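J.: dropping a prediction and its sequence here:
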Amino acid sequence: MPRALWLPDTLRAHGLTVHETPGWQNRGSSTLNPSGVVCHHTASAAGSDHPALGTVINGRPDLNGPLCNVLLARNGDCYIIAAGTANHAGTGGWRGLSGNSSVLGIEAENNGVGEPWPAHQIDAYVRLCAAMCDGGGFTPDTVCYHREWAPTRKPDPAGPGIPSGDEWRRRVAEALTQGDAMTADDRAYVDAHDLKILIELKKTEVRLTERMKFKSRKTRAEIAALKADISALEAKVG
């Protein structure tokens, strides 16, 4: 799973409101191979729904973006940030997982210093974790807080309304049993949809490369390789 292109469809299947940010399909490195989820808060000032959007896309002076795969706004809406590896977890680990490429990252808007978490945002946060488990094919016990991943250096997510990590995982497990989980047919549809998106991305890359006035031998070889990839992917879609 070099890119989690299934994110929008899977989140919508779990009843979440989804916004796709421009370029999310190619944002983040293609090293992503997730087997879990790390939950964060943004530490953003209260008062608006998604003030951290630009930061999680572009990064900070000390850390390049993307900083998560999905941003959860205060109103419960989900913003798809990156299909690739995001810089969010850092040093630490959870149940055998380590490194940013091993986990999807959620940044939820909250100042982290006493701002109460509204019930509707908590509900969306739990369903978002459940959707990621469903789409990624991993279990709720692989969901953790950043403070569980890195207990000596991180406090998030924090604030009134956030339960213990164990209670969080229990809620995620419950959400997966309430009829929102994808069926085999749903998953097959999403997989085929992901392949179609990847095919279109590669076709665009071919078109842009072919427009170059000067093409080196290496460039021509890259075009040929892309076309071969496209043919192989189209054969899978059928």
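T.: On my side now, so go ahead. Fair warning: this is a prediction, and the values are worked out from it, not measured in the lab.
J.: in this structure, which residue is closest to the centre?
T.: Asn69 (2.9 Å; CA atoms, centre = their mean).
J.: now that residue: how far from Trp168?
T.: 18 Å (CB to CB, to the nearest Å). (Glycine included, C-beta is placed from N, CA and C.)
J.: could you do Ile230 as well?
T.: 42 Å.
J.: so between these two, which is more surrounded?
T.: Applying other CB atoms under 10 Å to Ile230 and Trp168 shows that Trp168 carries more neighbours, namely 22 against 18.
J.: residue contacts, that one?
T.: Cys39, Val126, Cys129, Val143, Tyr145, Ile162 (CB atoms under 8 Å, 6 or more residues apart in numbering).
J.: Leu53 too?
T.: Per CB under 8 Å, 6+ apart, neighbours of Leu53: Thr21, Leu71, Tyr79.
J.: using CSV, list the CA coordinates for stretch 169-179.
T.: Extracted as CSV, the C-alpha positions of stretch 169-179 are listed here (Å, rounded to 0.1, in the frame of the first residue of the first chain):
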residue,chain,number,x,y,z
ARG,A,169,-9.8,1.6,21.4
ARG,A,170,-13.0,0.1,22.9
ARG,A,171,-15.1,2.8,21.2
VAL,A,172,-13.3,2.3,17.9
ALA,A,173,-14.0,-1.5,18.1
GLU,A,174,-17.6,-0.7,18.9
ALA,A,175,-17.9,1.6,15.9
LEU,A,176,-16.6,-1.2,13.6
THR,A,177,-19.5,-3.4,14.7
GLN,A,178,-22.3,-0.9,14.2
GLY,A,179,-22.8,-1.6,10.5
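J.: so which bits of that stretch are buried?
T.: Arg169, Arg171, Val172, Ala173, Ala175, Leu176 (16 or more other CB atoms under 10 Å).
J.: Gly165 reaches Glu148, doesn't it?
T.: Yes - taking contacts as CB atoms under 8 Å, Gly165 lies within contact range of Glu148: 5.1 Å.
J.: the bottom helix or strand of the chain by mean pLDDT?
T.: helix 184-210 (a mean of 63; mean pLDDT, DSSP states H and E).
J.: break down this structure into its helices, ranges please.
T.: Secondary structure of the chain (DSSP state H): helices at 7-13, 53-58, 119-136, 146-149, 165-176, 184-210, 217-237.
J.: what's the ChimeraX line that selects buried ones from the contacts of Leu53?
T.: To isolate the buried ones among those in ChimeraX, judged by 16+ other CB under 10 Å, type:
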select :21,71,79
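J.: what's around the nearest residue to Leu176 once chain neighbours are set aside, how many residues?
T.: Leaving aside its sequence neighbours, Leu176 sits nearest to Ala130 (CB to CB, 6 or more residues apart in numbering; 4.9 Å). Look at Ala130: counted by other CB under 10 Å, it has 27 neighbours.
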